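J.: this is a predicted model, with the sequence first.
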Amino acid sequence: MEELDPYLELEMEQELEMEIWVATQAERCYQAYFKFHGRYPDLDTVIRILDYRKCYDSVIRTSIENIQKTPQP
């Protein structure tokens, strides 16, 4: 098996870290919005809020869709 280029490996690791960070931010936004408004935000609202922070829409979308699929208290 061929070894990955160290720069490519670093780039892939950084991309994964960014996706984890964005997913965490999306979840925090989702929960904070609920605490403030008493209801959960729709997907576009979360994207608008986090887009202000220059996050990636596709990662936000996936994260919120995953959160919405899990039972909420």
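T.: Nice, thanks for sending it over. Residues are numbered from 1 along each chain as shown.
J.: how far out from the middle of the chain is the helix or strand where Glu27 lies?
T.: According to DSSP states H and E, Glu27 maps onto helix 6-37. Distance of helix 6-37 from its chain centroid, counting by Cα atoms, centre = their mean, to the nearest Å, is 4 Å.
J.: tell me what that helix is packed against?
T.: Contact partners of helix 6-37 among helices and strands, from 3 or more Cβ pairs under 8 Å, 6 or more residues apart in numbering; DSSP states H and E: helix 43-51, helix 57-69. C-betas here are computed from N, CA, C, even on glycine.
J.: gap between the longest one and the chain center?
T.: Averaging C-alpha coordinates over helix 57-69 and over its chain gives two centres that are 7 Å apart (Cα atoms, centre = their mean).
J.: quick check: closest non-adjacent residue to the residue nearest the centre of the chain.
T.: In the chain, the residue lying closest to the centroid (Cα atoms, centre = their mean) is Ala23, at 2.4 Å. Closest residue to Ala23 apart from its sequence neighbours, by Cβ to Cβ, 6 or more residues apart in numbering: Ser63 at 4.1 Å.
J.: pLDDT at that neighbour, what is it?
T.: Per-residue confidence (pLDDT) for Ser63: 75.
J.: counting neighbours, what do you get for it?
T.: 25 (other Cβ atoms under 10 Å).
J.: pLDDT-wise, which helix or strand of the protein ranks last?
T.: Here the helix or strand of the chain ranked lowest by mean pLDDT, DSSP states H and E is helix 57-69, holding a mean of 74.
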